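Q: output the structure for:
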Amino acid sequence: MMGRKMRGWKLSTAVGLTAAVVSLGSVLSTAAMAEYPKRPITMVIPYGPGGATDISGRTLAGPLGKLIPHPVLAVNRTGAGGATGTVSVRNAGADGYTMMIARVGSHTVNPAMKATLPYKLDEFDFVGVYEINPVACAVAANSDIKSMEDLVAKIKANPKTVSYSSSGVGSLLQIAGAMVLREFGIENPVEELIHIPLKGGGAAATAVLAGTATFICTNSSALASFVANKQLRPLMVTTKEPVPGFDAPTAADLGKPSLHQLVGWTGIAGPKGLPDEVKEKWGAWLKGATADQGFLDKMTARGSVIRLMDPAESKEFIQNQYEVFRKLVDDLGMRVEG
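A: You can find the predicted model right below:
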């Protein structure tokens, strides 16, 4: 009897000690996170210097630097269409010290279009999306196409003669042209249109200006100067609300609400498993940084819309966009290697 009592006591004591250790570990972990960050944070930018992702991230870095008690070190880690830098973040520890500037290209277009991508969307935690880039479709100012109705009529009357330019195979611009035209009744844009992939969004816009391509669908920020100089004529924007500087109907005006998903975006992500405390701190920092007037002025001047989403909103927004893109890609057979 005494032996059984002793064994029971030992078992109870062992369980109690285990619980105490777990509890102490939780307290220490919480305390460690309460002190986050205790050292500099590496912010990976998976695209090259001077591009849209780089400019957005470095513009945000200004006000963030005033709020985060340790330096945020921006590192351009390029290669494989953004995959090299993205994989390096996926493989880092989920402690908040390696984060990245994530973009529509890296986290919805690539996973939707590329068959052998070395990472998956669900391998990342988002602390917030902070920038939306409306998509606009445009033609040359001297084009006889004055509206989306005109464009669709021309495609239907002359299949395989109308072309659209993009920043490359597997890009947002390629998806955008196909998605818009399919929504307007062109059943298989891959078969009925000529896709002209080029190296970069600037080259794609210039192709329309030069008459090499009939039209383009891309971020409104990439077209803003062409539209302001009356070199390109916007036919529509994919947002619910009008885009300043673009005298064109919205997707809502044209009765195409499903196109509201077709936007560019920028956010901040880390490896899967980021502690809640890290997400909360980034949420507070992003709220402060995106309210900075200097940041707002610079970003809106480039045609961006500043809209801050919390982690849950960001996850839902990105997942929904990915599913829309993936279905389109699968339906039209647009998957590519890489």
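
Q: could you list the low-pLDDT ranges of the stretch 1-150 of the chain?
A: Across the stretch 1-150 of the chain, residues meeting the criterion (pLDDT under 70) sit at 1-34.

Q: now the helices: where do they sit in it?
A: Along the stretch 1-150 of the chain, the segments classed as helices by DSSP state H, counting those that start in this stretch run 2-34, 52-65, 83-90, 104, 110-113, 148-157.

Q: the last one: which residues count as buried?
A: Same thing as helix 148-157. Met148, Leu151, Val152, Lys154, Ile155 (16 or more other C-beta atoms under 10 Å). In short, each C-beta sits where N, CA and C put it, glycine included.

Q: tell me the helices and strands packed up against it.
A: If you count contacts as 3 or more C-beta pairs under 8 Å, 6 or more residues apart in numbering; DSSP states H and E, helix 148-157 packs onto strand 124-140, helix 172-183, strand 232-237.

Q: turn these into a markdown table, columns for mean neighbour count and distance to Lys315.
A: Below are the helices and strands packed on helix 148-157 laid out as a markdown table (neighbours: other C-beta atoms under 10 Å; distance: least, C-beta to C-beta, whole Å):
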| stretch | mean neighbour count | distance to Lys315 |
| --- | --- | --- |
| strand 124-140 | 24 | 6 |
| helix 172-183 | 25 | 20 |
| strand 232-237 | 23 | 26 |
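
Q: tabulate those (CSV), appending distance to Thr84.
A: What follows is these, written out as CSV (distance: least, C-beta to C-beta, whole Å):
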stretch, distance to Thr84
strand 124-140, 15
helix 172-183, 19
strand 232-237, 33
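
Q: closest one to Val109 among these?
A: Minimum separation from Val109 across those (C-beta to C-beta) falls at helix 172-183, 5.0 Å.

Q: can I get that closest one as PDB, trimmed to CA atoms?
A: C-alpha atoms of helix 172-183 as PDB (Å, rounded to 0.1, in the frame of the first residue of the first chain):
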ATOM      1  CA  LEU A 172       0.600  39.300 -63.400                       C
ATOM      2  CA  LEU A 173       0.200  41.100 -66.700                       C
ATOM      3  CA  GLN A 174      -0.300  37.800 -68.600                       C
ATOM      4  CA  ILE A 175      -2.900  36.700 -66.100                       C
ATOM      5  CA  ALA A 176      -4.500  40.200 -66.200                       C
ATOM      6  CA  GLY A 177      -5.100  40.300 -69.900                       C
ATOM      7  CA  ALA A 178      -6.600  36.800 -70.000                       C
ATOM      8  CA  MET A 179      -8.700  37.300 -66.900                       C
ATOM      9  CA  VAL A 180     -10.200  40.600 -68.100                       C
ATOM     10  CA  LEU A 181     -11.100  39.400 -71.600                       C
ATOM     11  CA  ARG A 182     -12.500  36.200 -70.300                       C
ATOM     12  CA  GLU A 183     -14.800  38.200 -68.000                       C
END
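
Q: same question for the next helix or strand after it, mean pLDDT?
A: Downstream of helix 172-183, the first helix or strand assigned by DSSP states H and E is helix 189-192. Helix 189-192 comes out with an average pLDDT of 96.

Q: quick check: closest non-adjacent residue to Ser88.
A: Closest residue to Ser88 apart from its sequence neighbours, by C-beta to C-beta, 6 or more residues apart in numbering: Arg77 at 5.7 Å.

Q: cool, Thr59 as well?
A: Lys298 (5.3 Å).

Q: surely that neighbour is within a strand?
A: No. According to DSSP: H, G, I helix; E, B strand; the rest coil, Lys298 belongs to no strand; its state is helix.

Q: need the buried residues of helix 148-157 in TSV (columns: distance to Gln174).
A: Shown next, in TSV, are the buried residues of helix 148-157 (distance: C-beta to C-beta, whole Å):
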residue	distance to Gln174
Met148	19
Leu151	17
Val152	19
Lys154	20
Ile155	16
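
Q: residue contacts, Ile268?
A: Contacts of Ile268 were listed using C-beta atoms under 8 Å, 6 or more residues apart in numbering, and they are Met43, Met99, Met100, Ile101, Ala102, Phe126, Val127, Gly128, Tyr130, Trp282, Leu286.

Q: how about a markdown table for those residues, with distance to Lys240 added?
A: Below are these laid out as a markdown table (distance: C-beta to C-beta, whole Å):
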| residue | distance to Lys240 |
| --- | --- |
| Met43 | 31 |
| Met99 | 30 |
| Met100 | 29 |
| Ile101 | 26 |
| Ala102 | 24 |
| Phe126 | 22 |
| Val127 | 25 |
| Gly128 | 21 |
| Tyr130 | 19 |
| Trp282 | 27 |
| Leu286 | 23 |
